[in-house]
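Undergrad: Sequence below, structure please.
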Amino acid sequence: MKNLSFNNLGENYLRALTKKYEAQMEEAMANLALYFSNTNLASIGEHSDLLEEHDKWLEVYATAKDKLECLLELYPKKTDQING
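TA: Numbering: from 1, shown residues only. This is a model prediction of the structure:
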């Protein structure tokens, strides 16, 4: 796939999107870790449907990961500069 053109303003948006998707992934992982490791269900009692809650956070993670991978595919050289 051919890389799309880029400019300095675009670099700011690329950085923001990269961090947004990484943050969404981190939030999802933290919530999943909490739900999977917590044997005391009283502390998460407001979530009566735990399967749905797990599914929700897995979807958040998967969507953010897919978006980040697409971004890296479209702008591989620019992303290396930002992350490097």
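Undergrad: residue contacts, residue 57?
TA: 28, 31-32, 35 (C-beta atoms under 8 Å, 6 or more residues apart in numbering). All C-beta spots, glycine's among them, are computed from the backbone N, C-alpha and C.
Undergrad: so what's it scoring on pLDDT?
TA: The model reports residue 57 with a pLDDT of 96.
Undergrad: What strand or helix carries it?
TA: Secondary structure assignment for residue 57, by DSSP states H and E: helix 50-74.
Undergrad: If you count neighbours, what's buried in that helix?
TA: With burial defined by 16 or more other C-beta atoms under 10 Å, the residues of helix 50-74 counted as buried are 53, 57, 60-61, 64, 67-68, 71-72.
Undergrad: can you pull the contacts of residue 24?
TA: For residue 24, the set of contacting residues under the criterion of C-beta under 8 Å, 6+ apart consists of 60-61, 63-64.
Undergrad: Next, give me the two most distant ones among the residues you listed.
TA: Across these, no pair lies farther apart than 61 and 63, at 7.4 Å, counting by C-beta to C-beta.
Undergrad: Which helix runs longest in this structure?
TA: Of all the segments assigned as helix in the chain under DSSP state H, the longest by residue count is helix 8-37.
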